[in-house]
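S.K.: model this:
(chains A, B, C, D, E and F)
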There are 4 protein chains.
Amino acid sequence: MSKKEAILNAATELFARKGYNGTAASEIAVQAKVAQGTVFHHFKSKENLLVSICDELVKDYVSGIEKAAEGPGTGWEALERILRFNQEFKRNRYDSIAVAFRETGDLSKATGEIHDHFFVLVNQIIDVMSSCIEKGIADGSIRQVPVQLTAYLVHVLLVGMIHVETEGLLEMPELDDELLEFCRRSLTT
Amino acid sequence: MSKKEAILNAATELFARKGYNGTAASEIAVQAKVAQGTVFHHFKSKENLLVSICDELVKDYVSGIEKAAEGPGTGWEALERILRFNQEFKRNRYDSIAVAFRETGDLSKATGEIHDHFFVLVNQIIDVMSSCIEKGIADGSIRQVPVQLTAYLVHVLLVGMIHVETEGLLEMPELDDELLEFCRRSLTT
Amino acid sequence: MSKKEAILNAATELFARKGYNGTAASEIAVQAKVAQGTVFHHFKSKENLLVSICDELVKDYVSGIEKAAEGPGTGWEALERILRFNQEFKRNRYDSIAVAFRETGDLSKATGEIHDHFFVLVNQIIDVMSSCIEKGIADGSIRQVPVQLTAYLVHVLLVGMIHVETEGLLEMPELDDELLEFCRRSLTT
Amino acid sequence: MSKKEAILNAATELFARKGYNGTAASEIAVQAKVAQGTVFHHFKSKENLLVSICDELVKDYVSGIEKAAEGPGTGWEALERILRFNQEFKRNRYDSIAVAFRETGDLSKATGEIHDHFFVLVNQIIDVMSSCIEKGIADGSIRQVPVQLTAYLVHVLLVGMIHVETEGLLEMPELDDELLEFCRRSLTT
DNA sequence: GATGAATGAGTTTTCATTCAT
DNA sequence: TATGAATGAAAACTCATTCAT
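M.R.: Model (predicted):
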């Protein structure tokens, strides 16, 4: 593992555990076993580190969700695959997601850069979901619901799941299957 | 308006706009038109200010939601009133809610105090919703769904709404009515 | 002496001795016997400290030179008083002058603010000298020389004196009287 | 152009424009289109770079001034050639001169090395001018003035010119010819 | 000769908090 | 109750310099 990667991993873990503002650049250096200066040699600022973390996450998420949508079967099945992918992604990339979710607010104030990334991302998600729903309505697997509004609602549900889990205020029972049922009842014919 | 109230209002507005970490105690003093020392005369620390903001919010929310649940009619109607109250509350207390949502993570790390407040709050919400759902199943207005899991899911949906709105990454269409429909289709008989 | 004054004095002396860049804010605090934070409580930045030093100097210089010009007698006598004032000022305010001279370059890059101060100052000096020369030509005490160019040249001579002394590269003999003679021979009838 | 020359040129230009302290070694590398390490491969330190710039300048200046003094004619004519050479040199080597002038103070604090260079240089200049004045007094082209003090004064005038021009606080009219007249009136018989 | 990753000391600045008035 | 000067710990960032390749 290169020093750059070590720094990125250390930052991801520390940001997830202690928050962006709660993590000093020096701590990242210690955890990554490099000198302080090395952090700033590879990332031009602490914020740039955060941007890098989010950047990678966004890329992987979008490509994953698009792949999920492209599969065979009805519109509902595609939407179901998206929901499943989301749940899996959440498990595999917990720290990065927690960071991206929690610090998004600060980021959007500081740099337009990352805000734009997320803006693009979210709109892409809505688009992908919308086409699944549209397809589902066409093939009869999904009821006659307002396409875009419903896409937003499903997105909101996913966002809520991540928020509740990453804020950790609540010991949540396992909701993944029930979430699918909840949507299925509401959406399928 | 007493100086204490002025400080609380100033803090709420600034925390909402610039984040807790992005707001200096001195800025709060300026905005509230008091001296720096006065802030710490009324609130023993900056964090205490945040706790106060959240505290008040929590009290009002819980009492509001309980009142909504107590009304007449079927379980579903009670649940619907809760959802409506939530939407109204979100509009009336936007800044405080944004603060509480965004800074909840930092708080839970810093002090147990506020974390406990929220923990109690959320469990209360879940309980109230659970009883509505239970009642609804009993009176036939709600399908045979797992009571607690469903309560969690509705909560998650509400949390998602607030997150999406307060983070402001997305220009959302008005979803309030469709959210109700989404739940109605999924839950009612 | 207030802490603010102590800081200003300490900074003047240290800047004169070690240069602006060679002086750490912490050293100023030590020398002024205050805490680091106190420096930034009274001056919003290290550069603002420099600006304050120069500001005061400029004010005193301009008022002194104007008073010198206003006195009675011929134009040459007024010019002579200006030269004498300059020499005296140089002795009384050595440190501040050294600072202002040496750091003027850095300042003019950083802030327009102080650059403008100096710009105004220098033009005022030229104006005052010009009127003395004009008066001298009119009253026959000064030869028929180009008014403004000569004012510039006298200024250049004064600037050269300060530069040579404050840079301290050279052990200069006492030149004050000879400088007056040099100008007298060149300018008087 | 060798890489070493490229580095020296880049440094001269950047130091002149942004000051010694305001110029990072890495910037010099970028401007010279070499790697960071290469700068330190050719010059053992950043300060050594500055010393090199000044060194070359000093050599050229001294040799030029000596050549000017050696020519034929009266002592005043020799002094006039020195003044003219100074004006020409100032035009041809503007950046290096600006650097040497502005950074001389810092240098004299840091290393004795460069301070000594300049000390030798300035004394050489004084000596050369002194002999011109002496010669002029002997051949009747220059008045009976104190030899060394006058040499210093002429030097001070030249220094003032450079200071005023390189600090750039003032939009100066062309003073070269008038400076000669000023001296001529003061010094010649 | 040439490179650029790595270093860590040093700097300015911020800010919550205290306390004498 | 109200003030604001004073504090000092902590933080992000810079940069000359080294060294293995």
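
S.K.: tell me which residue of chain A lies closest to chain B.
M.R.: Of all residues in chain A, the one sitting closest to chain B is A:G160 (2.7 Å; C-beta to the nearest C-beta). Any C-beta I mention is one placed from the backbone N, CA and C, and that applies to glycine too.

S.K.: from what I can see that residue touches B:Y152, true?
M.R.: No - taking contacts as C-beta atoms under 8 Å, A:G160 lies outside contact range of B:Y152: 10.0 Å.

S.K.: the longest helix in chain A is where?
M.R.: Using DSSP state H, we find that the single longest helix of chain A is helix A:112-139.

S.K.: what packs against the following helix or strand past that helix?
M.R.: Past helix A:112-139, further along toward the C-terminus, the next helix or strand under DSSP states H and E is helix A:147-167. Judged by 3 or more C-beta pairs under 8 Å, 6 or more residues apart in numbering or on different chains; DSSP states H and E, helix A:147-167 is in contact with helix A:75-92, helix A:94-110, helix A:112-139, helix A:176-187, helix B:94-110, helix B:147-167, helix B:176-187.

S.K.: now tabulate those helices in CSV and tack on mean neighbour count.
M.R.: Conversion of the helices and strands packed on helix A:147-167 to CSV gives the following (neighbours: other C-beta atoms under 10 Å in any protein chain shown):
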stretch, mean neighbour count
helix A:75-92, 19
helix A:94-110, 21
helix A:112-139, 18
helix A:176-187, 18
helix B:94-110, 21
helix B:147-167, 22
helix B:176-187, 18
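
S.K.: these into TSV, with extra columns for mean pLDDT?
M.R.: Formatted as TSV, the helices and strands packed on helix A:147-167 follow (pLDDT from 0 to 100):
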stretch	mean pLDDT
helix A:75-92	95
helix A:94-110	79
helix A:112-139	86
helix A:176-187	95
helix B:94-110	78
helix B:147-167	93
helix B:176-187	95
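
S.K.: grab the nearest non-local neighbour of A:F119.
M.R.: B:L169 (5.9 Å; C-beta to C-beta, 6 or more residues apart in numbering or on different chains).

S.K.: mind giving me the domain split of chain A?
M.R.: As assigned by automatic domain parsing, chain A contains the domains A:1-44, A:46-187.

S.K.: out of those, which is closest to D:A29?
M.R.: The closest of the domains of chain A to D:A29 is domain A:1-44. By C-beta to C-beta, the value is 14.6 Å.

S.K.: still on that earlier bit, list the contacts of the nearest residue to the residue of chain A closest to chain B once chain neighbours are set aside.
M.R.: Leaving out its chain neighbours, the residue that sits closest to A:G160 by C-beta to C-beta, 6+ apart is B:G160, at 2.7 Å. Residues in contact with B:G160, defined by C-beta atoms under 8 Å, 6 or more residues apart in numbering or on different chains, are A:H155, A:V156, A:L157, A:L158, A:V159, A:G160, A:M161, A:H163.

S.K.: the fourth one against A:R84, yeah?
M.R.: No - using C-beta under 8 Å, A:L158 is not in contact with A:R84, being 11.4 Å away.

S.K.: contacting residues around stretch A:65-84?
M.R.: A:85-86, A:124-125, A:128-129, A:131-142, A:154, A:158, A:179-180, A:183-184, A:187-188.

S.K.: give me that answer again for 6 Å
M.R.: Under the criterion C-beta atoms under 6 Å, 6 or more residues apart in numbering or on different chains, residues A:F85, A:V128, A:C132, A:K135, A:G136, A:D139, A:S141, A:I142, A:L180, A:T188 lie in contact with stretch A:65-84.

S.K.: kindly report the same for stretch A:85-93.
M.R.: Looking at what lies outside stretch A:85-93 - C-beta under 6 Å, 6+ apart - the contacts are A:G64, A:A68, A:L158, A:D176.

S.K.: name the nearest residue to the last one, ignoring sequence neighbours.
M.R.: Take A:D176 and drop its neighbours on the chain: the residue closest to it by C-beta to C-beta, 6+ apart is A:Q87, 4.8 Å away.

S.K.: kindly provide the distance from the spatially most central residue of chain A to C:E171.
M.R.: For chain A, the residue nearest the mean C-alpha position is A:I97 (5.2 Å; C-alpha atoms, centre = their mean). The spacing between A:I97 and C:E171, counted by C-beta to C-beta, to the nearest Å, is 71 Å.

S.K.: same question for A:G71.
M.R.: From A:G71 to C:E171 the distance is 88 Å (C-beta to C-beta).

S.K.: element containing the closest residue to A:A100 other than its chain neighbours, please.
M.R.: Of all residues not flanking A:A100 in the chain, A:C54 sits nearest, at 4.8 Å (C-beta to C-beta, 6+ apart). Using DSSP H and E, A:C54 maps to helix A:46-70.

S.K.: that helix vs DNA strand E: in contact?
M.R.: No - using C-beta under 7 Å from any atom of the strand, helix A:46-70 never reaches DNA strand E; the gap is at least 13.3 Å.

S.K.: so what's the gap between that helix and the chain middle?
M.R.: Its chain's C-alpha centre and that of helix A:46-70 lie 7 Å apart, by C-alpha atoms, centre = their mean, to the nearest Å.

S.K.: how about stretch A:6-20?
M.R.: With C-alpha atoms, centre = their mean, you get 16 Å for stretch A:6-20.

S.K.: same thing with stretch A:174-182?
M.R.: That offset, for stretch A:174-182, works out to 18 Å (C-alpha atoms, centre = their mean).

S.K.: not counting that stretch itself, show me its contacts.
M.R.: Taking C-beta under 6 Å, 6+ apart as the rule, stretch A:174-182 contacts A:L83, A:Q87, B:L149, B:Y152, B:L153, B:S186.

S.K.: all good on my end, thank you.
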